[in-house]
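# 3D model of this:
(2 chains)
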There are 2 protein chains.
Amino acid sequence: MNPLISPAEATKHITDSLVTTETEVVNLNDALNRVLAQDIVADRDSPPFDRVMMDGICINTYNHILGSWRYKIIGTQAAGEKKMLLPKGEFTIEVMTGAPLPTDANCVIPVEQIDIVDGYALPHDGIDADDYQFIHRQGSDCKQGEIILEKGTVLTANELAILASLGATEIKVSRLPKIQLLTTGDEVIAPEETPTDYQIRRSHPSAIRGLIDANKLGEISDQHLTDDPEAIESAIATALESNDVLILTGGISMGKFDWVAPLLKKLLGEPAFHGVSQRPGKPFAFWKPTETSPVVFALPGNPVSVMATMHRYVLPALKQMLGQPLKTQKVSLAEDFQWNTPLTGILAYRLQDGKALICPPSNSGNHLALKGSQGFAQISPSSLHKADSLVEIF
Amino acid sequence: MNPLISPAEATKHITDSLVTTETEVVNLNDALNRVLAQDIVADRDSPPFDRVMMDGICINTYNHILGSWRYKIIGTQAAGEKKMLLPKGEFTIEVMTGAPLPTDANCVIPVEQIDIVDGYALPHDGIDADDYQFIHRQGSDCKQGEIILEKGTVLTANELAILASLGATEIKVSRLPKIQLLTTGDEVIAPEETPTDYQIRRSHPSAIRGLIDANKLGEISDQHLTDDPEAIESAIATALESNDVLILTGGISMGKFDWVAPLLKKLLGEPAFHGVSQRPGKPFAFWKPTETSPVVFALPGNPVSVMATMHRYVLPALKQMLGQPLKTQKVSLAEDFQWNTPLTGILAYRLQDGKALICPPSNSGNHLALKGSQGFAQISPSSLHKADSLVEIF
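All right, here's what the predicted structure looks like:
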């Protein structure tokens, strides 16, 4: 390993080297969690007409005579029907929520505030009849031509509804990066196999696939490799050819059978960095993408280290490749936290009333301790972090 | 509408009436965000053997002589290979991370702390050689037979990794509720159609589908109905037959063409409640499930009201049907918030350093204002909420 760099330096190497993926067009129905690759502009005002907000009647306040209201009902303006005309004088039109306000009306009186007798509407004494009450004015939410959703926006339910209301049913989004995961380690077998006394079951593909699928950050394939340098070299060489991202787990420390780092160096040259002053995840190595090779994240093999480096580096990198704006997320600590290690802690947390309760596992092999945690917080080396102080979360 | 009840009373009506769906078995690869319908028990200790945590050598501290260490290397214990035996005396075995600790060894010295000369390992002066250092003891994370994941757990990436490591590849989960969404309103057309001056495009299906799919809370179909009572009655009658949940939007206020509430009353009898003292979403109505009919949520038609009632009532109800334990989530307010309405506010918020910034839209028709919001907070009627006070979020 090279000399250790800080997590901030590691982040800078990564963010400086990434480019956004190309775009593709998807249908609105398939757009959940995708990232917009275009600005979305209002094709008309919103609302597109003066919209009635309450069931009731409409009047023009110009006509109203205090204390002696009585309006002849001349029709009903339903939602989804052409706008009617309110004649001058003491006339009214019944109006329904969602309907366009009839021409020359400027006030809605709710049905709860009137009586209807013999075809006449009689507003109750003392009620309000203000100009434009209960009317959602045309263009008051946005004007035609305004940018409503910006490039880089992640499309959650709120944004999908907005796209639908703007008629944006075919949407340009960032193409999902193609990700190849290569796991290594002779001691790990497939989860459905029966382990011997000295074997454990493979959990990295489930963990990493879960993170990527939950956030729709890429299309991932995975393959497991035994600790055989020829097989590893050939699998890496193949994976370098046709992916946007290569993630490897294990084989990057100083063991006799740690082939991953040496073989990556053989195929790609020296990494941007190998070794970060953090716990867990110290042996983490990174190769920048080139004209002919994808970005390569080589993660340590322990399961907690995998999750820590995925949250801290890989997920933000994938978001950047998808065109999401980089932003720092912080929360307060729920209680004092003493960290005695002279390396930055990348530690799991649980949210408790919006504050982070740090819950470091006993060691980086104990991924059972990650159950119910929501992400990882970055904790400065050798220091006491007071309750309510802010920490960065990933 | 009946007299208004409080949001807490509405919640009680809903939670008291729901039952958990049946179970089904899914493969681990399809289990993301599903809810466990069984406890998951460790089939063996974790780790299943004394696991080496650093590349290095192993010794038995019983043999060590202060200041004059020198151990003959008699072999290499690789990960994934049968456990070797460390002979008594000044012998050592090279050990790799993830390997089983050789029998009769009780200490690992990392490779960084030794020199290897002529087949002998020479630990550096002054290093530690404590019993069981760098050894992840068998059963220290959990013992065989312990419950590791409880029924009701939502399976995120962390839990998928745990299932994989326990060999739980076929898992009993709660069946997803079958949900039918019926939207109404003559003014709304499909997003891909061209609206006239008095029409708007349909956004509820995109919004509701987005919420349900993002959280994997059900399998939803949707259908739009015009404001024609015969068509609505027939569609409701059909939907009542073969779903676990029926969600309707619109048609439950006091308009002349508000057919949904009267027709539901005709088909199902009086609702558990109709009208909640909240803004938005006041006309919200709810029918309990019976032997022959599903649970029915009739939501107001305004888009902000739809999102508020979905977050506040429908999503928690679906989680309950899936067997998730009910739990209250709170966060602090980012700043003072004055709410002058004598109804409980169900208001969108954005998270800012883990605190909620309330961002109420100008009116319940303006769903553009929901862009980038993360959920809804419940705000007590007519009161000033101080910064840093806790509010319940949904």
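# the domain parsing of chain A - what is it?
A:7-21+A:176-321, A:26-46+A:141-174, A:51-136, A:329-393 (automatic domain parsing).
# Off-centre distance for the longest one?
Spelled out, it's domain A:7-21+A:176-321. 23 Å (Cα atoms, centre = their mean, to the nearest Å).
# And for stretch A:147-156?
Computed by Cα atoms, centre = their mean, the chain-centroid distance of stretch A:147-156 equals 11 Å.
# Can you give me the end-to-end span of that stretch?
This stretch, stretch A:147-156, spans 18 Å end to end (Cα to Cα, to the nearest Å).
# Could I get the domains of chain A in a markdown table, plus columns for distance to residue B:232 and mean pLDDT?
Using the backbone N, CA and C atoms, a C-beta is placed for each residue, glycine as well. A markdown table is the format used below for those (distance: least, Cβ to Cβ, whole Å; pLDDT from 0 to 100):
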| stretch | distance to residue B:232 | mean pLDDT |
| --- | --- | --- |
| domain A:7-21+A:176-321 | 36 | 96 |
| domain A:26-46+A:141-174 | 22 | 98 |
| domain A:51-136 | 14 | 92 |
| domain A:329-393 | 42 | 95 |
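# Turn the ones you listed into JSON lines, columns for distance to residue B:338 and mean neighbour count.
Formatted as JSON lines, these follow (distance: least, Cβ to Cβ, whole Å; neighbours: other Cβ atoms under 10 Å in any protein chain shown):
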{"stretch": "domain A:7-21+A:176-321", "distance to residue B:338": "36", "mean neighbour count": "20"}
{"stretch": "domain A:26-46+A:141-174", "distance to residue B:338": "23", "mean neighbour count": "20"}
{"stretch": "domain A:51-136", "distance to residue B:338": "22", "mean neighbour count": "18"}
{"stretch": "domain A:329-393", "distance to residue B:338": "21", "mean neighbour count": "18"}
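# export the ones you listed to TSV and tack on distance to residue B:140?
Below are these laid out as TSV (distance: least, Cβ to Cβ, whole Å):
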stretch	distance to residue B:140
domain A:7-21+A:176-321	14
domain A:26-46+A:141-174	38
domain A:51-136	62
domain A:329-393	7
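# Next, format those as CSV and append distance to chain B.
Below are the domains of chain A laid out as CSV (distance: least, Cβ to the nearest Cβ, whole Å):
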stretch, distance to chain B
domain A:7-21+A:176-321, 3
domain A:26-46+A:141-174, 3
domain A:51-136, 3
domain A:329-393, 3
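# Select, out of the ones you listed, the one closest to residue B:348.
Closest approach to residue B:348 among these is made by domain A:26-46+A:141-174 (8.4 Å; Cβ to Cβ).
# how far away is residue A:96 from residue A:52?
Residue A:96 sits 7 Å away from residue A:52, taking Cβ to Cβ, to the nearest Å as the criterion.
# Mutual contacts of those two, please.
A:77, A:79 (Cβ atoms under 8 Å, 6 or more residues apart in numbering or on different chains).
# Contacts only, for residue A:89.
So residue A:89 contacts residue A:63 (Cβ under 8 Å, 6+ apart).
# For residue A:378, which non-adjacent residue is spatially closest?
Computed as Cβ to Cβ, 6 or more residues apart in numbering or on different chains, the closest residue to residue A:378 that is not its neighbour in sequence is residue A:392, at 4.7 Å.
# same deal with residue A:5?
In space, residue A:5 is closest to residue A:273, 5.1 Å off (Cβ to Cβ, 6+ apart).
# now do residue A:277
That would be residue A:4: by Cβ to Cβ, 6+ apart, it lies 4.1 Å from residue A:277.
# Residue A:281 is in contact with that neighbour, correct?
No. Residue A:4 is beyond contact range of residue A:281, at 11.1 Å (criterion: Cβ atoms under 8 Å).
# a helix runs through residue A:3, doesn't it?
No. Remark: residue A:3 does not belong to a helix; assigned using DSSP: H, G, I helix; E, B strand; the rest coil, it is coil.
# What's the local residue count around it?
8 (other Cβ atoms under 10 Å in any protein chain shown).
# what's near enough to touch it?
So residue A:3 contacts residue A:275 (Cβ under 8 Å, 6+ apart).
# so what secondary structure elements neighbour the longest helix along chain A?
If you go by DSSP state H, chain A has its longest helix at helix A:229-241. Where contact means 3 or more Cβ pairs under 8 Å, 6 or more residues apart in numbering or on different chains; DSSP states H and E, helix A:229-241 is packed against strand A:178-184, strand A:219-225, strand A:245-249, helix A:260-268.
# what's residue A:221 in contact with, if anything?
Taking Cβ under 8 Å, 6+ apart as the test, what residue A:221 contacts is A:179, A:180, A:181.
# repeat that for 6 Å
Residues in contact with residue A:221 (Cβ atoms under 6 Å, 6 or more residues apart in numbering or on different chains) are residue A:180.
# Quick check: next helix or strand after the helix or strand containing residue A:338?
Element membership for residue A:338 (DSSP states H and E) is strand A:337-339. Toward the C-terminus, strand A:337-339 is succeeded by strand A:344-352 as the next helix or strand (DSSP H and E).
# quick one: contacts of that following strand?
A:7, A:278-279, A:281, A:308, A:312, A:334, A:339, A:356-360, A:370, A:373-374, A:376-377, A:379, A:381.
# Heading C-terminal from it, find the next helix or strand.
strand A:355-358.
# name the helices or strands packed onto that next one?
Other elements packing on strand A:355-358 under the criterion 3 or more Cβ pairs under 6 Å, 6 or more residues apart in numbering or on different chains; DSSP states H and E are strand A:344-352.
# starting at the chain centroid, how far to the strand it packs on?
20 Å.
# Parallel or antiparallel, which strands does that strand pair with?
Applying DSSP bridges, strand A:344-352 is found paired with strand A:278-279 (parallel), strand A:355-358 (antiparallel), strand A:375-379 (antiparallel).
# which residues touch the last one?
Residues external to strand A:375-379 that are found in contact with it (Cβ under 6 Å, 6+ apart): A:308, A:311-312, A:339, A:345-349, A:356, A:391-394.
# Quick check: the two most widely separated of these?
Longest distance between any two of the contacts of strand A:375-379 is 17.4 Å, between A:311 and A:339; criterion Cβ to Cβ.
# Surely residue A:361 is in contact with residue A:304?
Yes. With contacts counted by Cβ atoms under 6 Å, residue A:361 reaches residue A:304, the gap being 5.3 Å.
# Adjacent strands (with direction) for the strand holding residue A:338?
With DSSP bridges as the test, strand A:337-339 pairs up with strand A:383-385 (antiparallel).
# unless I'm mixing things up, residue A:204 is touching residue A:249, no?
Yes. Using Cβ under 6 Å, residue A:204 is in contact with residue A:249, at 4.9 Å.
# tell me, what's touching the two both at once?
A:183, A:306.
# center of chain A, which residue is that?
The centre of chain A sits closest to residue A:154, judged by Cα atoms, centre = their mean, with a distance of 5.1 Å.
# Contact partners for that residue?
By Cβ under 6 Å, 6+ apart, residue A:154 lies in contact with residue A:35.
# what are the bridge partners for the closest residue to residue A:239 other than its chain neighbours, then?
In space, and not counting its chain neighbours, residue A:239 is closest to residue A:180: 4.3 Å by Cβ to Cβ, 6+ apart. For residue A:180, the beta-bridge partners are residue A:221, residue A:246 (DSSP bridges).
# What residue, apart from its backbone neighbours, is nearest residue A:6 spatially?
The nearest residue in space to residue A:6 (Cβ to Cβ, 6+ apart) is residue A:277, at 5.7 Å.
# which residues does the one you found contact?
A:4, A:6, A:343 are the contacts of residue A:277 under Cβ under 6 Å, 6+ apart.
# Any chance of JSON lines for the helices and strands packed on helix A:229-241, columns distance to residue B:210?
Output for the helices and strands packed on helix A:229-241, formatted as JSON lines (distance: least, Cβ to Cβ, whole Å):
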{"stretch": "strand A:178-184", "distance to residue B:210": "24"}
{"stretch": "strand A:219-225", "distance to residue B:210": "21"}
{"stretch": "strand A:245-249", "distance to residue B:210": "26"}
{"stretch": "helix A:260-268", "distance to residue B:210": "40"}
